[in-house]
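# Pasted the sequence and its predicted model underneath.
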Amino acid sequence: MSDRSLIATLMAVAVLAVLAACLIGSTSMSLERFLAALFGVGAAGDVIVLWEIRMPRALAALVVGGSLGASGAALQGLLRNPLAEPGVLGVSACSALGATLVLFYGLAGLSSFVVPVAAITGALVATALLSLAAIRTSSVITLILVGVGLSSFAGALMALLLNLAPNPFTLSDLISWTLGSVANKSFQDLVLVLPFIGAGLVFLRIVARDLSALTLGEDAASGVGVNLRRTRLFVILGTGLITGASVSIAGAIGFVGIVAPHLIRPLVNHDPTRTLVPSALMGGIILVVADIAIRLIPTPAELRLGVMAALIGAPAFVWIAMNRQVSDG
Amino acid sequence: MIRLLALLIVLFIAGCGGPDTITALEKNAARRIVSLDFCADQYVLKLADPADIAALSPDATSPFSYMREQAKGFPRARPRAEDILLLDPDVVVRTYGGGPNISRLLERAGINVVQIGYANDLAAVREIVRDAAQKLDVAEAGETVVAEMDARLAALPRYDDAPSILYLTSKGATAGLNTVINDLIETSGASNFLTRQGWSNIPLEELVYQRPNIIATGFFETSDLTSDIWTPARHPVAQRALAETKTINLSGASTSCGAWFLVDAVEALTRGIIGEPTAEVSIE
């Protein structure tokens, strides 16, 4: 399958998944009413339910999944390791910590951009620390362990902040930051982060080609004219921006960044450059479908999206780790 | 020498008995009551003699504590067994504080533990007030509280046309049937907008098609971004419903525990229904 037809197919599936997500909700809506509301000609109530409640939620899942899929693919290309992913490497946790910090100190009320910017700053700090560690060590296992350490540290600081909060009810918000959710998201939430995600994608687009050359090793990549410093910086900036932006609207959702590129890689001949866009689409599809699933599973309280992502993603992570060749480590 | 020895023996015995005697005297002077959580604090502050209160819980003066003003000035203790034992209390009062095992531990140390029950309606509140008062040896004070409750409920103004009320907290939780809030709504003479059982998240989609006559809001006065950034009450559909529907603000403190002050919430509802002014509600 050519790249173009792969991307076209994934886009079609993504559109279908979003439409399916819009069909499902707490009130039932017939297909006729749904189609009328979709084109804005239905009953006023149907149009509001579809365009203000269901569509923003589905698109939030698509955007967040897409961000995580692209981040995972880019980090895996840069670090030449299929296990690299914003969740595993602690980028998402540091990002959630950034958001929690500004909330704790009451700065979030200053502007709507404070929380996304803080989440992005947290993510950028984590990606910068990881890339420093990557320069010092060639062992990918060490790097993953650094990420695990970062993740635990950020999680502990977050728990500490919420422990110190004057209001015991604050604790329930910790759950949302760590387990992730796109429930009740509005277009306002999405519009706020789209510029950051767009900027991140531009950074990744600029260095996408370099990722293919990196598969030969850093020396060989330098030999064919890749500016390693620039590539590293742009991947850090790009993944930091899009991961931070997605965490600020949906909390830390793990493993999508591993599963999506893993499914795409065999279809693009394991070329990291060609993995990027399809991984983003696949990540989006995975989260939209997972969000449909949590609404259909009859649990007393709706499951968290991050729980569903981890239920699928964590076993996949273990499976990929077990099947890696020993020489990789 | 023998005299000296005899004196030493007398001093030794006196030394051994001294502290016990003093403790016994202190205990006769006043009981030492410690409460383990802010709901227990309310009962202790309302029913017990202030001189008997040795310590309250850390949240006794928090904004969601109804008796926060009266709680000022009392020592506070964390609901941990060793902290409590060090206070040497005679009576420990709790609803949930300290976790399920603390009662057994404290009772083994000879402390009288008063467990306050859970109230799901005003009838249960009356029983719990009486029960707590009896266990604290202040049965009369309990009867006075119940009589006050009944008098205030009997004095509620009557009105025609029961409105439908949706109770919404700043965290986006709504109260259905079989909740204490449902009992408050019905006691005020109104009907609950929700017909499902128990607590659930705000039904955003239903609110698009159907609105209650009134939205009763809870805990909005203590809401901030730190604790409520994820709340569905911030969704544009919820915000529009709040802006376009008559609201009655129920202070979080008056509904945070199953206690006599739930009558405040019933009065606020009734006043709001008949059109007396209530506080404005907003969530940023």
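Happy to help now that I have it. In this text, all values refer to a predicted model and were calculated from it rather than measured experimentally.
# Within range of chain B, give me the residues from chain A.
Within chain A, the positions adjacent to chain B are A:25-27, A:45, A:48-49, A:52-53, A:103-104, A:106, A:108-109, A:115, A:165-170, A:172-173, A:176, A:181, A:183-184, A:186, A:188, A:302 by Cβ under 8 Å from any Cβ of the partner chain. Every C-beta, even on glycine, is put in place using the N, C-alpha and C of the backbone.
# hmm, which of those are the buried ones?
A:25, A:45, A:48-49, A:52-53, A:103-104, A:108, A:115, A:165, A:167, A:169-170, A:173, A:176, A:181, A:183-184, A:186 (16 or more other Cβ atoms under 10 Å in any protein chain shown).
# mind listing the helices for the stretch 1-150 of chain B?
Under the criterion DSSP state H, counting those that start in this stretch, the stretch 1-150 of chain B contains helices at B:2-29, B:38-47, B:68-71, B:81-86, B:102-108, B:122-135, B:139-154.
# Tell me what angle the second one forms with helix B:122-135.
Think helix B:38-47. Here helix B:38-47 runs at an angle of 70 degrees relative to helix B:122-135 (axes from the mean of the first three to the mean of the last three Cα atoms, to 10 degrees).
# Can you report how many residues lie near the closest residue to B:Ser256 other than its chain neighbours?
Spatially, and ignoring its direct neighbours in sequence, B:Ser256 is nearest to B:Phe64 (4.7 Å; Cβ to Cβ, 6 or more residues apart in numbering or on different chains). Applying other Cβ atoms under 10 Å in any protein chain shown, we find 20 residues neighbouring B:Phe64.
# what do you get for the one 10 residues further on?
Taking other Cβ under 10 Å as the criterion, the count of residues near B:Phe74 is 18.
# For whatever helix or strand A:Cys22 lives in, name the packing helices and strands.
Element membership for A:Cys22 (DSSP states H and E) is helix A:3-23. Judged by 3 or more Cβ pairs under 8 Å, 6 or more residues apart in numbering or on different chains; DSSP states H and E, the packing partners of helix A:3-23 are helix A:31-38, helix A:55-79, helix A:272-296.
# Please identify the buried residues of the helix or strand following the last one?
Okay, so that is helix A:272-296. Past helix A:272-296, further along toward the C-terminus, the next helix or strand under DSSP H and E is helix A:305-322. Across helix A:305-322, burial judged by 16+ other Cβ under 10 Å covers A:Leu305, A:Gly306, A:Met308, A:Ala309, A:Ala310, A:Gly313, A:Ala314, A:Phe317.
# go on, stretch A:4-14?
Applying 16+ other Cβ under 10 Å to stretch A:4-14 flags A:Leu6, A:Ile7, A:Leu10, A:Val13, A:Ala14 as buried.
# which one of the residues you listed sits closest to B:Lys246?
A:Ala14 (42.8 Å; Cβ to Cβ).
# Enumerate every residue touching the closest one.
For A:Ala14, the contacting residues are A:Leu62, A:Leu281, A:Gly284, A:Ile285, A:Val288, by Cβ atoms under 8 Å, 6 or more residues apart in numbering or on different chains.
# try it again with 7 Å
By Cβ atoms under 7 Å, 6 or more residues apart in numbering or on different chains, the residues touching A:Ala14 are A:Leu62, A:Leu281, A:Gly284, A:Ile285.
# neighbours around the third one, how many?
Right, the one you point to is A:Gly284. Close neighbours of A:Gly284, defined as other Cβ under 10 Å, add up to 30.
# quick one: it and A:Leu62 touch, right?
Yes: using Cβ atoms under 7 Å, A:Gly284 is in contact with A:Leu62, at 4.1 Å.
# Need the three-state assignment for A:Val41.
coil (DSSP: H, G, I helix; E, B strand; the rest coil).
# and chain B, which residues reach chain A?
Residues of chain B found near chain A (Cβ under 7 Å from any Cβ of the partner chain) are B:171, B:203-206, B:208-209, B:222, B:225-227, B:229-230, B:232, B:235-237, B:284.
# what does the domain assignment say about chain B?
Following automatic domain parsing, chain B resolves into domains at B:32-118, B:159-273.
# Redo those as TSV? Include mean pLDDT.
Converted to TSV, the domains of chain B look like this (pLDDT from 0 to 100):
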stretch	mean pLDDT
domain B:32-118	94
domain B:159-273	93
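# okay if I get these as CSV plus distance to B:Leu153?
Listed next are these as CSV, based on distance: least, Cβ to Cβ, whole Å:
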stretch, distance to B:Leu153
domain B:32-118, 17
domain B:159-273, 6
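# Name the helix or strand of chain A that has the lowest mean pLDDT.
The helix or strand of chain A with the poorest confidence is helix A:171-179; it has a mean of 78 (mean pLDDT, DSSP states H and E).
# Show me what it is packed against.
helix A:91-104, helix A:140-164 (3 or more Cβ pairs under 7 Å, 6 or more residues apart in numbering or on different chains; DSSP states H and E).
# any idea which helix or strand comes after it?
Using DSSP H and E, the helix or strand that directly follows helix A:171-179 along the chain is helix A:187-214.
# helix/strand/coil for A:Gly106?
Following three-state DSSP, we place A:Gly106 in the coil state.
# which residues touch it?
B:Thr226.
# Can you list phi and psi of it for me?
The phi and psi torsions at A:Gly106 (degrees, to the nearest 10) take the values phi 70, psi 20.
# now swap in B:Asn201 and tell me
Per-residue torsions, B:Asn201: phi -70, psi 160 (degrees, to the nearest 10).
# Now for the contacts of A:Ala14: which two are most distant?
Greatest spatial distance among the contacts of A:Ala14 (Cβ to Cβ): A:Leu62 and A:Leu281, at 8.9 Å.
# For stretch A:54-66, give me every contacting residue.
Residues from elsewhere that reach stretch A:54-66, judged by Cβ under 7 Å, 6+ apart: A:14, A:18, A:21-22, A:25, A:182-183, A:185-187, A:189-190, A:197, A:246, A:249-250, A:253, A:256, A:280-281, A:283-284, A:286-288, A:291.
# one step back: now the helices and strands packed on helix A:3-23 in a markdown table, with distance to B:Ile111?
Listed next are the helices and strands packed on helix A:3-23 as a markdown table, based on distance: least, Cβ to Cβ, whole Å:
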| stretch | distance to B:Ile111 |
| --- | --- |
| helix A:31-38 | 63 |
| helix A:55-79 | 52 |
| helix A:272-296 | 46 |
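# Export stretch B:186-198 to CSV, keeping only CA atoms.
Listed next in CSV are the C-alpha coordinates belonging to stretch B:186-198 (Å, rounded to 0.1, in the frame of the first residue of the first chain):
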residue,chain,number,x,y,z
GLU,B,186,-39.3,17.2,48.8
THR,B,187,-39.4,18.7,52.3
SER,B,188,-39.3,22.2,50.8
GLY,B,189,-42.4,21.2,48.8
ALA,B,190,-40.7,21.0,45.4
SER,B,191,-40.0,17.9,43.2
ASN,B,192,-36.7,16.5,42.1
PHE,B,193,-36.0,17.1,38.4
LEU,B,194,-34.0,13.9,38.3
THR,B,195,-36.0,10.6,38.4
ARG,B,196,-32.9,8.3,38.5
GLN,B,197,-31.6,6.8,41.7
GLY,B,198,-28.6,8.2,43.7
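# and it, how far out from the chain's middle?
With Cα atoms, centre = their mean, to the nearest Å as the basis, stretch B:186-198 stands 22 Å off its chain's centre.
# do stretch A:284-299 as well
Using Cα atoms, centre = their mean, the offset of stretch A:284-299 from its chain centre is 16 Å.
# number of nearby residues for the closest residue to A:Phe34 other than its chain neighbours?
Leaving aside its chain neighbours, A:Phe34 sits nearest to A:Leu23 (5.7 Å; criterion: Cβ to Cβ, 6+ apart). The number of residues packed near A:Leu23 is 16, by other Cβ under 10 Å.
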